[in-house]
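Trainee: Have a look at this fold, sequence not included:
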Ligand code: ADP
Ligand code: ADP
């Protein structure tokens, strides 16, 4: 069974822009899929529909076998990492990671166990008492990932998570993200406009253009268009 299934999904924005034009995609459990393509091709809209942040105009999305069209973001079994990190500035790193679990009424001990486990995976154990403004860009990105990991969702959604980092750090964080995926094995859908990033990270690359899927395949099998 596909962990995430997109069935003929369409997005029409007000004013008639058809940003996504009926795409089909099955994503397997543990798979790392990267949506790549030029700016405006519909990657982010697709991801946001999976997250529930954008309504679907037509078609169906299923996560873990359940149709989620009418399920609000918080009740979908997903965690999303944004390019702006979206950390709470007044909270410590620990509280930033714990917050989503507190809202969901997890017991304190379980929250501590999960935050410490995520901190170990991401090597940020020594930063737990700091506030976001006392962190580097790469460290903030790790905390944003930590917040997703502690939730232990069926699916991670990444929206251009490395765009705000300099070139060197981007390469470093790519390796980090790959390592995290090999550790937690959570099904991942990752959006980027960077082809090299797509090729390095993906089990399967989905190339989008003008709201449709142009190619799908493992990085080694994609042909290059000049
Ligand atoms: P990508 O992530 O590939 O850059 P997007 O999904 O952001 O592409 O956008 C796809 C298309 O939909 C673009 O033409 C964009 O201008 C349009 N679009 C995105 N968001 C909105 C919106 N809120 N209202 C109207 N049009 C939008
Ligand atoms: P947490 O588990 O951290 O509480 P939730 O999934 O409950 O996270 O809520 C995070 C919410 O942030 C998303 O569901 C969404 O509504 C909102 N959000 C949407 N766009 C952005 C953005 N660009 N940056 C930060 N937050 C966003």
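Mentor: Right, received. Where do you want to start? Bear in mind the structure is a predicted one, so any value in this text is a computation, not a measurement. Ligands and ions are numbered 1, 2, ... in the order given.
Trainee: alpha carbons only for contacts and neighbour counts from here, please
Mentor: OK.
Trainee: residues in contact with residue 185?
Mentor: With C-alpha atoms under 8 Å, 6 or more residues apart in numbering as the criterion, the residues that contact residue 185 are 30, 31.
Trainee: confidence score at it?
Mentor: On pLDDT, residue 185 comes in at 95.
Trainee: do the same with residue 226
Mentor: pLDDT, residue 226: 51.
Trainee: do the same with residue 173
Mentor: Model confidence at residue 173 (pLDDT) stands at 92.
Trainee: now swap in the one 5 residues further on and tell me
Mentor: On pLDDT, residue 178 comes in at 95.
Trainee: what residue ranges in this structure are flagged as low confidence?
Mentor: Along the chain, the parts satisfying pLDDT under 70 run over 1, 223-226.
Trainee: There's contact between residue 24 and residue 9 in this structure, I believe.
Mentor: Yes - counting by C-alpha atoms under 8 Å, residue 24 does reach residue 9; the two are 6.9 Å apart.
Trainee: More neighbours: these two, which one.
Mentor: Counted by other C-alpha atoms under 10 Å, residue 24 and residue 9 do not tie: residue 9 has more neighbours, with 20 against 16.
Trainee: Is it correct that that one is in contact with residue 59?
Mentor: Yes - between residue 9 and residue 59 a contact is recorded at 4.2 Å, counting by C-alpha under 8 Å.
Trainee: hey, what's in contact with both of the two?
Mentor: residue 22.
Trainee: what sits opposite residue 212 in the beta ladder?
Mentor: Beta-bridge partners for residue 212, by DSSP bridges, are residue 209.
Trainee: quick one: contacts for it?
Mentor: Residue 212 sits next to 20, 21, 22, 23, 41, 42 when contact means C-alpha under 8 Å, 6+ apart.
Trainee: same thing but 10 Å
Mentor: The contact partners of residue 212, by C-alpha atoms under 10 Å, 6 or more residues apart in numbering, come to 10, 19, 20, 21, 22, 23, 24, 41, 42, 43.
Trainee: ok, now residue 66?
Mentor: By C-alpha under 10 Å, 6+ apart, the neighbours of residue 66 are 3, 4, 5, 76.
Trainee: any chance you could map the strands in this structure?
Mentor: For the chain, applying DSSP state E gives strands covering 4-12, 18-27, 32-36, 58-63, 66-67, 78-81, 155-159, 187-192, 204-209, 212-217.
Trainee: which neighbours does the fifth one have in its sheet, and in what orientation?
Mentor: In this case it means strand 66-67. strand 58-63 (antiparallel).
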